[in-house]
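# need a 3D model of the following:
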Amino acid sequence: MKNEINKSLKILQKGGNILYPTDTVWGIGCDATNNKAVANIFSIKKRAERKSFIILLDHVDKIKDYVTDFPLQVSDLIMNYNRPLTIVFPGARNLAKKLIAEDGSIAIRVVRHDFCKRLIKELGKPLVSTSANVSGTKTPILFCEISDYIKDSVNYVVNLDQHKLRQVSPSTVIKIDEKGNYEILRS
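Numbering: from 1, shown residues only. Predicted coordinates for the structure are as follows:
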């Protein structure tokens with residue numbers, strides 16, 4: 001795994017993008033603070049820029065670096081939720097401009113996947129995560145379902161879990177306001 005982290009890190013630090021396993025589905029990712037790298041992922045996905053991506057972090061304490069308001073009760077929710085949880089926060093900051101939604105929000109997930117956690121920690125920045133498909137097409141669950149177009153469009157394909165069959169499900173998505181009130185967008 002260390003070798004794959006090092007290879008991925010070199011690509012990300014140069015502004016490139018990777019295809020990598022996450023705690024949900026395979027994702028396309030880049031340094032979430034790099035405007036050019038983020039623009040490239042929009043191009044690969046053929047995705048409208050008004051639809052933002054999520055970012056992954058390795059620890060709940062880092063969320064406060066990327067949003068203006070971080071209600072304390074959210075930390076407990078993230079730490080104790082039993083499946084992947086994506087939270088849409090208002091007041092996004094310190095990120096590539098195209099990642100921030102029109103309403104100023106950003107979707108964040110703290111990952112539990114070992115490779116992702118270690119890569120993000122080494123990078124020292126959040127990682128973009130978007131499913132490994134062209135917008136509007138079916139999200140691939142297994143690596144073998146990812147199109148050659150996607151595999152050929154990224155700078156590096158992580159050589160881990162490619163033949164692993166695993167039970168995956170999309171994350172639960174909730175939206176939080178400045179006061180800590182929330183609504184479930186996807187359960």
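
# quick one: pLDDT of V168?
At V168 the predicted local confidence, pLDDT, stands at 68.

# and what of the one 5 residues further on?
We have a pLDDT of 87 for V173.

# repeat for K98
Reading off the confidence values, K98 has pLDDT 92.

# and the closest residue to it other than its chain neighbours, how far from F53?
Setting aside the residues directly before and after it, K98 is nearest to V38 in space (CB to CB, 6 or more residues apart in numbering), at 5.0 Å. (C-beta placed from N, C-alpha, C; glycine too.) Here V38 is placed at a distance of 8 Å from F53 (CB to CB, to the nearest Å).

# quick check, central residue of this protein?
Within the chain, the residue whose C-alpha comes closest to the C-alpha centroid is S129; the distance, by CA atoms, centre = their mean, is 2.5 Å.

# state the helix or strand in which it lies.
Under the assignment given by DSSP states H and E, the secondary-structure element containing S129 is strand 127-131.

# same check on I108?
I108 is located in strand 106-110, with elements delineated by DSSP H and E.

# show me where this structure has strands.
When assigned using DSSP state E, the strands of the chain occupy the ranges 18-20, 27-29, 54-57, 85-89, 106-110, 127-131, 156-157, 172-176, 182-186.

# right, and Y149 touches T137 too?
No. With contact taken as CB atoms under 8 Å, Y149 and T137 are classed as non-touching, separated by 10.0 Å.

# do you have the helices of this protein handy? List them.
2-13, 35-45, 72-80, 114-123, 148-153 (DSSP state H).

# and those: which comes nearest A92?
For these, the distance to A92 is smallest for helix 35-45, at 12.7 Å, taking CB to CB.

# list the residues that contact the nearest residue to G16 once chain neighbours are set aside.
When the adjacent residues along the chain are set aside, G16 lies closest to N155, with 3.6 Å between them (CB to CB, 6+ apart). Neighbouring residues of N155 by CB atoms under 8 Å, 6 or more residues apart in numbering: 11, 16-18.

# adding distance to R47, pLDDT and neighbour count, write those out as TSV.
What follows is the contacts of N155, written out as TSV (distance: CB to CB, whole Å; pLDDT from 0 to 100; neighbours: other CB atoms under 10 Å):
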residue	distance to R47	pLDDT	neighbour count
I11	21	98	19
G16	18	98	18
N17	13	97	23
I18	17	98	22
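
# what's the closest of those residues to L95?
N17 (15.7 Å).

# wait, that closest one touches S8, no?
No. Counting by CB under 8 Å, no contact exists between N17 and S8, whose distance comes to 10.0 Å.

# overlap in contacts, these two.
With CB under 8 Å, 6+ apart, N17 and S8 have common neighbours Y156.

# buried ones in stretch 148-163?
Residues 150, 153-158, 160-161 are the ones in stretch 148-163 that count as buried (16 or more other CB atoms under 10 Å).

# all set, thanks.
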